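# show me how the following folds:
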Amino acid sequence: MSKAKSIKGSQTEKNICISYLNESQSYARYNFYAKIADKENLCPVAEIFRETADNEMHHGKVFLKMLENTEVVTPISVDAGFLGTTTENLKASMKEEMEGGYEFYMQCAKTAEEEGFADIASHFKAIASVEKIHYDRFNYFLGMINDGTLFKRDKKVTWRCLVCGYEYVGTEPPAKCPGCDHPVYHYICVDDGYCPTEHM
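Now for the predicted structure:
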């Protein structure tokens, strides 16, 4: 990634550092949340948390590579041990994706443009758009948990086993997967468009 000038000492440098640390926290937090979702038999949500964690890890790498090889000192808040239920974790994640992700990165892009870092600004905007997708996805799954449609629909849809890949068409997935014998909560609805990429 070419830079027109050094970012050393700029507000953009501080924003990049904050972004790297925030993404690193998000990577850890979403993996924690995935384990909680597994325990609550909400495996589709766990997979979404894991995929999002993987996205955040790569975002963090992008920001880390932007930093020059010098120490940067900047204040940052720390997630203070919040590990709730999956419903609570989805709500907390939505807030973070919108405020600490989309809105913050769009402001960072504006600052980068003002300081003459057009390439960095474009990366901030692109990653901001991903954070908005994360927000929408978390909101969608929260809605399904709340209205009881995560594993049951009014019309036939295609369900995919997250363990073995077996697919089934019906209003709800099989109680036990014919392919691997895992129970119903290991299924995700393919038709929703949120099936994790590693299973596509």
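# retrieve the pLDDT associated with Lys5.
As predicted, Lys5 sits at a pLDDT of 82.
# what sits closest to it if chain neighbours are left out?
Counting by C-beta to C-beta, 6 or more residues apart in numbering, Lys5 lies nearest to Gly116, which is 6.4 Å off, once chain neighbours are set aside. For glycine as for every other residue, the C-beta is placed from the backbone atoms N, C-alpha and C.
# and if you look at Glu23?
Nearest to Glu23 is Gly60, by C-beta to C-beta, 6+ apart, at 3.6 Å.
# what helix or strand is the one you found on?
helix 43-66 (DSSP states H and E).
# in this structure, which spans are strands?
Taking DSSP state E, the strands of the chain run over residues 157-161, 167-170, 187-189.
# what residues does the longest one touch?
By that I understand strand 157-161. In this structure, residues lying in contact with strand 157-161 by C-beta atoms under 8 Å, 6 or more residues apart in numbering are 166-173, 177, 179-180, 182, 186-192, 195, 199.
# the second one now?
Contact with strand 167-170 is made by Lys156, Val157, Thr158, Trp159, Arg160, Cys161, Pro174, Pro178, Tyr187, Val190, as judged by C-beta under 8 Å, 6+ apart.
# before we move on, the earlier item: distance of the residue nearest to Lys5 from Ile7?
10 Å (C-beta to C-beta, to the nearest Å).
# so between these two, which is more surrounded?
Ile7 (23 against 14; other C-beta atoms under 10 Å).
# could you pull up the residues touching the spatially most central residue of the chain?
Centroid-nearest residue in the chain, with C-alpha atoms, centre = their mean: Thr52, separated by 2.8 Å. Thr52 is in contact with Ser26, Tyr30, Ser93, His134, Arg137, Phe138, counting by C-beta under 8 Å, 6+ apart.
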